[in-house]
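> Here's my sequence, what's the structure:
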Amino acid sequence: MTEQLTERQAKWFASVQASLERDTGKTLAQWVEIVRRNCPETRPRARTQWLKEVHGLGVNRAAHILSAAFPEGPGWDDADALRAALWTDPTATAILRALEAAVADFPGLVTGQRKAFTAWSNKVQFAAAKPIRGGTAVLGLALAPDASPRLSPPRNESWSERLKAKLALASPSDVDDEVRALLKAAWERS
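Numbers count the residues shown, from 1 in each chain. This is a model prediction of the structure:
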């Protein structure tokens, strides 16, 4: 698998790590201990909210602490395991492969595997895909929804706020010339 983070993303994650101790006066290990001993919550969102309300931490720092305190499933550094856990349906996986083939020759391509989606970036994220129940997938693009009649605005998606349009894909053949052109246009803007 290719790189997981763009240079910009890697710098951002490093800044979250570096600023944690400087800004809070506690190391990551100390925060992990605080959460494990004191947090009454068991669900990830409730734990994040607890860190925000009780300790004044933002979402990014809370996520960083919680991923260290309660690692669930494969971590960010195991892209192959994340991919295998997410893309379990054969049809959805075939759609992913068609998308990967469509972007494979884009210069500077960085593939980022996350728990809930697969992302593609150049300098910034330009597309992401995630499987949907029933063996389909949805593609998010860093384009306006009016770029194609096939696109619609995203609703409650877990990927980057840069992705302003989405497209339902029912089979690998849906990744046609128009979708390849949309991917290329989104990549060119990144």
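> what packs against the longest strand seen in the chain?
In the chain, assigned by DSSP state E, the strand with the most residues is strand 125-132. Strand 125-132 sits against helix 90-103, strand 118-121, strand 136-141, helix 177-189, with contacts defined as 3 or more C-beta pairs under 8 Å, 6 or more residues apart in numbering; DSSP states H and E. All C-beta spots, glycine's among them, are computed from the backbone N, C-alpha and C.
> Low-confidence stretches in the chain?
Counting by pLDDT under 70, the ranges of the chain that qualify are 1-10, 13, 72-77.
> orientation of the longest helix that it contains relative to strand 125-132 in degrees?
Looking across the chain with DSSP state H, the single longest helix is helix 7-24. Orientation of helix 7-24 against strand 125-132 (axes from the mean of the first three to the mean of the last three C-alpha atoms, to 10 degrees) gives an angle of 90 degrees.
> residues making contact with helix 7-24?
5, 26-28, 31, 55, 57, 60-61, 64-65, 110, 112, 121, 123-124 (C-beta atoms under 8 Å, 6 or more residues apart in numbering).
> the domain parsing of this protein - what is it?
7-69, 79-189 (automatic domain parsing).
> Throw these into CSV and include mean neighbour count, thanks.
Below are the domains of the chain laid out as CSV (neighbours: other C-beta atoms under 10 Å):
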stretch, mean neighbour count
domain 7-69, 14
domain 79-189, 18
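> Give the next helix or strand downstream of the longest helix of the chain.
Of the helices and strands lying after helix 7-24 in sequence (DSSP states H and E), the nearest is helix 28-38.
> what does that next one rub up against?
Under the contact criterion C-beta under 8 Å, 6+ apart, helix 28-38 has outside partners 17, 20-21, 24, 26, 47, 51, 55, 64-66, 68-70.
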